[in-house]
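1. Quick one: sequence and predicted model below, then my questions.
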Number of protein chains: 2
Amino acid sequence: MKDAGIPQIKGTDMGILVVGSVALDSVKTPFGSKEDVLGGSATYFSIAASYFAEVSVVAVVGADFPEEHVAFLRQKGIDISGLERQKGNTFRWKGEYGFDLNTRTTLDTQLNVFAHFSPKLMAAHCSKEYLFLGNIDPDLQRSVLEQMKRPKVVACDTMNYWIETKRESLLKTLSLVDVLVINDAETRQLADDPNLIRAARRILSWGPRQLVIKRGEYGVFMIGEKSIFIVPAFPVEEVLDPTGAGDTFAGGFMGYLAAAGVHDDAAMRRAVVYGSVMASFNVMDFGPRVLGNLTYPEIQARYREFRKISFFEDLSEKPPGRMEEL
Amino acid sequence: MKDAGIPQIKGTDMGILVVGSVALDSVKTPFGSKEDVLGGSATYFSIAASYFAEVSVVAVVGADFPEEHVAFLRQKGIDISGLERQKGNTFRWKGEYGFDLNTRTTLDTQLNVFAHFSPKLMAAHCSKEYLFLGNIDPDLQRSVLEQMKRPKVVACDTMNYWIETKRESLLKTLSLVDVLVINDAETRQLADDPNLIRAARRILSWGPRQLVIKRGEYGVFMIGEKSIFIVPAFPVEEVLDPTGAGDTFAGGFMGYLAAAGVHDDAAMRRAVVYGSVMASFNVMDFGPRVLGNLTYPEIQARYREFRKISFFEDLSEKPPGRMEEL
């Protein structure tokens, strides 16, 4: 029997499979710029998740992908047997952030080997109980799912590009997943409704049990059929680069769920907080350097701090002031 | 002796004085439009605060101000002895909101009688213990403060216009107030720092004990020297018009503080939640109609609901999953 409060990994099937991109990012923010740092959705996801559970990555890199990055992922205990190396160059993304880091402009995207990414799972990966489908073509997301024994929890991400160009395919994928991790603008766009709650309820009616809506520096809005949970982002005084924060969040979220082995409302809420904690570390540096070098006490201390900044007392039985007269 | 959990009003000096605008608003949102509805910062503030404490309004209206609005404010138990009626027209504002209600364009502003507003307090108002200085010229804000016996809590609002055109005067006002209620863009602009926490700390060093930063649909960020409190906005499925939400928030916030009579961190947090509750009602309709017709059980039920959507469990002592190995 499993105690929800004391999650433990039991056997490798309890691990997580993530399918997504491994990239080299060039990023400019008001606080500096970096060229060709380790990036990609599967990278940030797997590093964050590795603190909680076994993670296996399915992705593709080019001949130019630095060996030090491979060594770094391996050193984090991440299973990279599904990280394929192909002829050609690694996926490259170049972007720039505005004054308050809330707006991002993509300056250049070179898909390179990622353009023909068509994930083929190894046998050992097909029985993983937790699956995260990173932001790739919804056709590919379904092809991954079809290769697997039915996992316990399937989560996926998407983006405006797929909403605009592959809507029907995306809706098919959504009908098969448990959790959709998405940002707020995409939620409104996908449901064509400016009200976030109504938009979310519409998407829930298409299949997912839970929507986990990322709102950047404003935190996370999780909504299921019967429950809403909203948390702010953990406030960070030295944000250098928000790249990868969403994928880092997803990694902490799925990592905690896999570690907990339960998926009730209380566990989902804690998973959201752990995801937010991991994301708050990631924004403190370019690339995944800070994220990749955390200790367990640092993570737990921030979870506790998170609770302090969100806490307020319940009502006393007696009403305040004039309300007594109403 | 006062119990923090059972706030009560004791005598009229415990009441609130608000100085600001009473206006006629014409508003267009994706969900409809209304002409000449009752508006203005002092209006929304005083209606929200009236559920908690005695409120006195100091403001000016023109000869055209409808008698029904006067009757409505009086019926809410608001002291309007300081609501001056002058020759000419009432302050008029006309604005339009975009698709997701997060962007607002001012189409027309007619200051009318508000252009020469120069608040002179009546004797009975000078001894109020709670003062809210709405968004008016910082010179006028100080002139109000100078007419009063030192209130227990002075809060003020401001806007980009005063930050840009009357910065020195605004800084003088800030050195005299306890609580600055401001939005996030203004916080960044005032401190000239894109990072909200650093910007807030800078402003705190100029005088206020607490900054209460409004983030619209994303909620409120409160920061003092030793404590940070962040709450989301209460999620509302039928937002018709966000006009006045910030002032309504401030009214619920100050109303609760006045009713509680204590201003420690726990009381400030509850005040933020009550302010958010009141704002969440206000956005459900054009003008203050919904806000003005609430019952005590409705307000308390939403406070309780608010706690449910924000709650997550503290940590168990044992760490999750792989963390045990770290």
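-> Arrived safely.
2. in terms of contact, does A:D184 touch A:I213 like I think?
-> Yes: look at A:D184 against A:I213 with CB atoms under 8 Å: they come within range, at 5.4 Å. Glycine gets a C-beta too; all of them are placed from N, C-alpha and C.
3. got any residues that touch both of those two?
-> A:196, A:221 (CB atoms under 8 Å, 6 or more residues apart in numbering or on different chains).
4. Which one of these two is surrounded by more residues?
-> Using other CB atoms under 10 Å in any protein chain shown, the more surrounded residue of A:D184 and A:I213 is A:I213, with 24 against 21.
5. what secondary structure does the more buried one sit in?
-> strand (DSSP: H, G, I helix; E, B strand; the rest coil).
6. Name the nearest residue to it, ignoring sequence neighbours.
-> Counting by CB to CB, 6 or more residues apart in numbering or on different chains, A:I213 lies nearest to A:F221, which is 4.3 Å off, once chain neighbours are set aside.
7. cool, and A:M148?
-> Counting by CB to CB, 6+ apart, the residue nearest A:M148 is A:C126, at 5.0 Å.
8. Also A:A191?
-> In space, and not counting its chain neighbours, A:A191 is closest to A:A199: 3.6 Å by CB to CB, 6+ apart.
9. what separates A:Q86 from A:V58, distance-wise?
-> Here A:Q86 is placed at a distance of 13 Å from A:V58 (CB to CB, to the nearest Å).
10. Tell me which of those two has more neighbours.
-> Comparing A:Q86 with A:V58 by other CB under 10 Å, the one with more neighbours is A:V58, at 25 against 16.
11. Test for you: state the pLDDT assigned to the more buried one.
-> A:V58 is assigned a predicted lDDT (pLDDT) of 98.
12. repeat for A:R150
-> 89.
13. Neighbours of it, how many?
-> 10.
14. How many residues are close by the residue in the stretch 151-300 of chain A positioned nearest to chain B?
-> Closest residue of the stretch 151-300 of chain A to chain B, CB to the nearest CB: A:A259 (2.9 Å). Neighbour count of A:A259, defined by other CB under 10 Å: 27.
15. For it, grab phi and psi.
-> phi -70, psi -40 (degrees, to the nearest 10).
16. So it sits against A:F52, correct?
-> Yes: with contact defined as CB under 8 Å, A:A259 reaches A:F52; the gap is 4.2 Å.
17. list the contacts for the nearest residue in space to A:G39 that is not next to it in sequence?
-> Distances taken as CB to CB, 6+ apart place A:D25 nearest to A:G39, at 3.3 Å, with adjacent residues excluded. Neighbour list for A:D25: A:34, A:36-40, A:92-95, A:243, A:287 [criterion: CB under 8 Å, 6+ apart].
18. Next, format those residues as TSV and append pLDDT and secondary structure.
-> As requested, the contacts of A:D25 are exported to TSV (pLDDT from 0 to 100; DSSP: H, G, I helix; E, B strand; the rest coil):
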residue	pLDDT	secondary structure
A:K34	95	strand
A:D36	96	strand
A:V37	96	strand
A:L38	97	strand
A:G39	97	strand
A:G40	97	coil
A:R92	97	strand
A:W93	95	strand
A:K94	96	strand
A:G95	95	strand
A:T243	95	coil
A:G287	94	coil
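19. quick one: which of those is nearest B:R304?
-> The nearest member of those to B:R304, counting by CB to CB, is A:T243 at 39.1 Å.
20. so how far is B:K149 from that closest one?
-> Going from A:T243 to B:K149 by CB to CB gives 54 Å.
21. between these two, which one's more packed in?
-> Higher neighbour count among A:T243 and B:K149: A:T243, with 24 against 9, using other CB under 10 Å.
22. just the helices in the stretch 201-326 of chain A please.
-> A:245-260, A:265-282, A:296-310 (DSSP state H, counting those that start in this stretch).
23. buried sites along the second one?
-> Taking 16 or more other CB atoms under 10 Å in any protein chain shown as the basis for neighbour counts, the residues of helix A:265-282 that come out buried are A:266-282.
24. That helix - contacts with which helices or strands?
-> helix A:41-49, strand A:220-224, strand A:228-231, helix A:245-260, helix A:296-310 (3 or more CB pairs under 8 Å, 6 or more residues apart in numbering or on different chains; DSSP states H and E).
25. need these in CSV with mean pLDDT, can you?
-> As requested, the helices and strands packed on helix A:265-282 are exported to CSV (pLDDT from 0 to 100):
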stretch, mean pLDDT
helix A:41-49, 98
strand A:220-224, 98
strand A:228-231, 97
helix A:245-260, 97
helix A:296-310, 95
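26. Please work out which of these is packed deepest.
-> helix A:41-49 (a mean of 32; mean count of other CB atoms under 10 Å in any protein chain shown).
27. Run a quick check on A:V27 versus A:R92, I expect a contact.
-> No: using CB under 8 Å, A:V27 makes no contact with A:R92, being 11.4 Å away.
28. In terms of neighbours, single out the busier of these two.
-> The neighbour comparison of A:V27 against A:R92 (other CB under 10 Å) goes to A:V27, with 25 against 19.
29. Look up how far B:Q86 lies from that one.
-> From A:V27 to B:Q86 the distance is 57 Å (CB to CB).
30. Also A:G20?
-> For A:G20, the distance to B:Q86 equals 65 Å [CB to CB].
31. Ok, A:L190 next?
-> Counting by CB to CB, the gap from A:L190 to B:Q86 is 52 Å.
32. and what of A:F312?
-> 43 Å.
33. What of A:P138?
-> Relative to B:Q86, A:P138 is positioned 63 Å away (CB to CB).
34. try A:S33
-> A:S33 is 57 Å from B:Q86, by CB to CB.
35. Then A:G134?
-> 63 Å.
36. The residue nearest to A:V179 when sequence neighbours are not counted - how many residues pack around it?
-> Spatial nearest neighbour of A:V179, chain neighbours left out: A:A155 (3.9 Å); criterion: CB to CB, 6+ apart. Per other CB under 10 Å, the neighbour tally for A:A155 reads 24.
37. picking up where we left off before, take the helices of the stretch 201-326 of chain A and lay them out in TSV including distance to B:K308.
-> What follows is the helices of the stretch 201-326 of chain A, written out as TSV (distance: least, CB to CB, whole Å):
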stretch	distance to B:K308
helix A:245-260	20
helix A:265-282	10
helix A:296-310	13
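38. Residue numbers of the stretch 151-300 of chain A in contact with chain B?
-> Contact residues, the stretch 151-300 of chain A versus chain B (CB under 8 Å from any CB of the partner chain): A:188, A:194-198, A:215, A:217-219, A:221, A:228-232, A:235-239, A:255-256, A:258-260, A:266, A:269-270, A:272-274, A:295-296, A:299-300.
39. Chain A: strands as residue ranges?
-> According to DSSP state E, chain A carries its strands in the segments A:16-19, A:23-29, A:32-39, A:55-61, A:79-85, A:92-97, A:104-110, A:130-133, A:153-157, A:179-183, A:210-214, A:220-224, A:228-231.
40. residues contacting the closest residue in space to A:Q189 that isn't next to it in sequence?
-> Spatial nearest neighbour of A:Q189, chain neighbours left out: A:I163 (5.4 Å); criterion: CB to CB, 6+ apart. By CB under 8 Å, 6+ apart, the contact list for A:I163 reads A:170, A:186, A:189-190.
41. Pick the one among those closest to A:H69.
-> When the contacts of A:I163 are compared against A:H69 (criterion: CB to CB), the nearest one is A:E186, at 28.6 Å.
42. tell me the contacts of the closest residue to the closest one other than its chain neighbours?
-> Residue nearest to A:E186 in three dimensions, not counting chain neighbours: A:N160, with 5.9 Å by CB to CB, 6+ apart. Applying CB under 8 Å, 6+ apart to A:N160 gives the contacts A:185-186, A:189.
43. same check, this time on A:L190
-> Taking CB under 8 Å, 6+ apart, one finds A:158, A:163, A:170, A:182, A:199, A:203 in contact with A:L190.
44. Mind checking which of the residues you listed are buried?
-> A:158, A:163, A:170, A:182, A:199, A:203.
45. Let me know whether the fifth one touches A:N183 as I believe.
-> What that stands for is A:A199. No: with contact defined as CB under 8 Å, A:A199 does not count as touching A:N183 (11.8 Å).
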